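Asker: Here is my input, please return the structure:
(one chain, ligands or ions: 1)
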Amino acid sequence: MTVGPVVIIGAGHAGFQLAMSLRQHGFSERIALLNDEGHLPYQRPPLSKAYLKGTSGPDSLMFRPEKFYSDQKIDLIAGRAVSIDRAARKVLLASGAFLDYGHLVLATGARNRLLDIPNANLDSVRYLRTLDESQSLRDYIAPGQRVIVIGAGFIGLEFAATARAKGAEVDVIELAPRVMARAVTAEISEYFQSRHAAAGIRIHLGVQVTSIESDGSNVTGASLSDGRHIKADLIVVGVGVLPNVELAAEAGLPVAAGIVVDEHLLTADPNISAVGDCALYASPRFGGSLRLESVQNATDHARCVAARLTGDAKPYDGLPWFWSDQGPDKLQMVGLTTGYDRVVMRGDRAQGAFSAFCYKSGQLVGIESVNRAGDHMFGRRLLAANGSITPEQAADTGFDLKSALT
Ligand SMILES: NC(=O)c1ccc[n+]([C@@H]2O[C@H](COP(=O)([O-])OP(=O)(O)OC[C@H]3O[C@@H](n4cnc5c(N)ncnc54)[C@H](O)[C@@H]3O)[C@@H](O)[C@H]2O)c1
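Answerer: So this is what the prediction gives:
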């Protein structure tokens, strides 16, 4: 099978993994990995956790040193793609150069959703997705500083916990009635709310920031939709992301809540695939279409496409899993916990080690674990094999989970 040169647009988790997996599968043609970040490809999870807290340099985040790319003959090209000529199979870069492809992979990821309120463009209103954003925030956070965090999702809460640990005064403003409402059950939200509150973080639910106040150049505070004002020196916004679909749309590829791909992660053009945060994929495992934002999704998508391009095509069948470190607590999730109708708790919430087993029509569909890595790893094995245990077994800590794994 001759594929021709592979061009990968985007050198995040998905793009990097794809280049590496292609070589691991013996792919010997050209690989061009287009990187618009100004750093060697790097890991994102530490940006809102250890990196934000610590003093280690950017090198600690890099997937591989520079030499890896030359050794593996992966052309890491600094630059941005501005358009795709599908008929000629060329990608046009902002520099004016072209890259010829036999197969093109869109690993364009997502970008921060920006807040559209007065004064949101001030320098002390920050976002957190890139290495540069994390670097400047960690240099900025100081003891006694007053920080407003907008959004109690993963970014908001991980950042809030770190800023508080570094001595900042933190207020979190969340539109929804509970934290992480998009992703976790009410039981897990309630636990994390109480843990963050115990650490001295003030969480305001069901409200939003209507305007940001300033002294002309710096943030001085914010007004909330319930009429209150909160003073602040810094505002950090984590209100979700938007998938980068524009290149695909302008090239005439179908786009909906992401770049539309089939169960093989192939777009409507047989020479173009899409992977990771930007891809809306048809899922035989779950039925319907999914777009997920996680490292697991990015790297498993990449492995699936690398296998296909080297002659081993299989539908994508990854099992979603995810983690978040918030203060001393580790949250781990496996499965898809949308549409569940019953939640069964296992373990000891008071001791801070418990899991929520989520059921839909009697079938286990996901497990959310707090400081119970064993339950999480069990769930990854059981759900990957489409297994289940009864709610009664889940609730009974005397029941040996391993006995359900054959
Ligand atoms: N542990 C991890 O793997 C991890 C950690 C951090 C971020 N991420 C990823 O990074 C991306 C961004 O994370 P995120 O936390 O920004 O997104 P998110 O969607 O997880 O959370 C956004 C939160 O902002 C709230 N919100 C939206 N508009 C608001 C408004 N106007 N005022 C107040 N609240 C508002 C939402 O209700 C939601 O709770 C996601 O893809 C996420 O999965 C992952």
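
Asker: Now that residue 172 has come up, it's in contact with residue 158, right?
Answerer: No - counting by CB atoms under 8 Å, no contact exists between residue 172 and residue 158, whose distance comes to 11.4 Å. Using the backbone N, CA and C atoms, a C-beta is placed for each residue, glycine as well.

Asker: These two - which one has more neighbours?
Answerer: Comparing residue 172 with residue 158 by neighbour count (other CB atoms under 10 Å), the higher total belongs to residue 172, at 26 against 22.

Asker: Return the set of residues that bridge with the more buried one.
Answerer: Per DSSP bridges, the residues bridged to residue 172 are residue 149, residue 203.

Asker: Report the spatially closest residue to the residue of the chain found nearest the ligand, excluding sequence-adjacent ones.
Answerer: In the chain, the residue that lies nearest the ligand is residue 153 (1.8 Å; CB to the nearest ligand atom). Distances taken as CB to CB, 6 or more residues apart in numbering put residue 238 closest to residue 153, at 5.7 Å, once the chain neighbours are dropped.

Asker: count of residues packed around residue 53?
Answerer: Counted with other CB under 10 Å, residue 53 comes out at 16.

Asker: Skip the chain neighbours and tell me the closest residue to it.
Answerer: Excluding the flanking residues, the one nearest residue 53 by CB to CB, 6+ apart is residue 162, at 5.2 Å.

Asker: Now stretch 7-17: average pLDDT?
Answerer: Averaged across stretch 7-17, the pLDDT comes to 98.

Asker: where's that stretch relative to the chain centroid, distance-wise?
Answerer: For stretch 7-17, the separation from the chain centroid amounts to 14 Å (computed by CA atoms, centre = their mean, to the nearest Å).

Asker: Give me the contact list for that stretch.
Answerer: Residues from elsewhere that reach stretch 7-17 (CB atoms under 8 Å, 6 or more residues apart in numbering): 18-19, 31-37, 41, 43-44, 63, 76, 81, 91, 99-101, 103-109, 244, 247, 275-278, 295, 298-299, 301-303, 306.

Asker: Mind doing that once more with 7 Å?
Answerer: Residues from elsewhere that reach stretch 7-17, judged by CB atoms under 7 Å, 6 or more residues apart in numbering: 18-19, 32-35, 37, 41, 44, 63, 76, 81, 91, 99, 101, 104-109, 247, 275-276, 295, 298-299, 301-303.

Asker: now do stretch 194-211
Answerer: Contacts with stretch 194-211, where a contact means CB under 7 Å, 6+ apart, come from 117-119, 150, 152, 157, 160-161, 164, 170-175, 177-179, 193, 222-226, 327, 329.

Asker: now stretch 282-302
Answerer: Contacts of stretch 282-302 (CB under 7 Å, 6+ apart): 12-14, 17-18, 21, 45, 110, 241, 243, 257-258, 262-263, 265, 275-277, 279-281, 315-318, 320-322, 336.

Asker: ok, and of those, which contact the ligand?
Answerer: 45, 241, 322 (CB under 6 Å from any ligand atom).

Asker: Which one (most neighbours) among these?
Answerer: residue 322 leads those on contacts (other CB under 10 Å) with 20 neighbours.

Asker: That residue: what's it in contact with?
Answerer: 294, 296, 333.

Asker: from these, which are also near the ligand?
Answerer: Applying CB under 6 Å from any ligand atom, the subset of the contacts of residue 322 adjacent to the ligand comprises residue 294.

Asker: Inside helices: which ones of the contacts of residue 322?
Answerer: Under the assignment DSSP state H, the contacts of residue 322 contribute residue 296 to helices.

Asker: Of the contacts of residue 322 - the most surrounded one?
Answerer: Top of these by neighbour count (other CB under 10 Å): residue 333, with 25 neighbours.

Asker: who in the stretch 1-150 of the chain is up against the ligand?
Answerer: Within the stretch 1-150 of the chain, the positions lying close to the ligand (CB under 6 Å from any ligand atom) are 45, 48, 150.

Asker: do the stretch 201-350 of the chain as well
Answerer: So far as CB under 6 Å from any ligand atom goes, the stretch 201-350 of the chain lies against the ligand at 208, 238-241, 293-294, 322-324.

Asker: so where do the strands sit in the stretch 101-250 of the chain?
Answerer: Assigned by DSSP state E, counting those that start in this stretch, the strands in the stretch 101-250 of the chain fall at 103-106, 110-112, 125-127, 146-150, 169-174, 202-205, 209-214, 219-224, 229-231, 234-237, 241-243.

Asker: quick one: the fifth one to strand 219-224, angle?
Answerer: Computed by axes from the mean of the first three to the mean of the last three CA atoms, to 10 degrees, the angle separating strand 169-174 from strand 219-224 equals 40 degrees.

Asker: can you give me the helices in the stretch 151-300 of the chain?
Answerer: Taking DSSP state H, counting those that start in this stretch as the criterion, the stretch 151-300 of the chain carries its helices at 154-165, 186-198, 246-250, 295-309.

Asker: re the thing from before, pick the most deeply packed of the strands of the stretch 101-250 of the chain.
Answerer: strand 103-106 (a mean of 27; mean count of other CB atoms under 10 Å).

Asker: That one: partners in the sheet, and parallel or antiparallel?
Answerer: strand 6-9 (parallel), strand 272-274 (parallel).

Asker: Could I get the average pLDDT for that strand?
Answerer: The average of the pLDDT scores along strand 103-106 is 98.

Asker: same deal with stretch 328-344?
Answerer: In the prediction, stretch 328-344 has an average pLDDT of 95.

Asker: Return the set of buried residues in that stretch.
Answerer: Within stretch 328-344, the residues scored as buried using 16 or more other CB atoms under 10 Å are 329, 331-337, 340, 343-344.

Asker: Output the residues you listed in TSV, with secondary structure and distance to residue 400 appended to each entry.
Answerer: Shown next, in TSV, are those (DSSP: H, G, I helix; E, B strand; the rest coil; distance: CB to CB, whole Å):
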residue	secondary structure	distance to residue 400
329	strand	25
331	strand	24
332	strand	20
333	strand	23
334	strand	19
335	strand	21
336	coil	26
337	coil	24
340	coil	24
343	strand	22
344	strand	17
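
Asker: Alpha carbons of stretch 246-263, as CSV, please.
Answerer: What follows is stretch 246-263, C-alpha atoms only, in CSV (Å, rounded to 0.1, in the frame of the first residue of the first chain):
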residue,chain,number,x,y,z
GLU,A,246,-12.2,26.3,10.1
LEU,A,247,-9.5,24.8,7.8
ALA,A,248,-11.7,21.7,7.2
ALA,A,249,-14.8,23.8,6.6
GLU,A,250,-13.0,26.1,4.1
ALA,A,251,-11.8,23.1,2.3
GLY,A,252,-15.4,22.0,1.8
LEU,A,253,-15.3,19.1,4.3
PRO,A,254,-18.4,18.4,6.4
VAL,A,255,-18.2,20.1,9.8
ALA,A,256,-20.8,20.1,12.7
ALA,A,257,-19.8,20.2,16.4
GLY,A,258,-16.4,19.1,15.1
ILE,A,259,-14.8,17.9,11.8
VAL,A,260,-17.1,15.0,10.8
VAL,A,261,-15.3,11.7,10.5
ASP,A,262,-16.5,8.1,10.2
GLU,A,263,-15.7,5.2,12.5
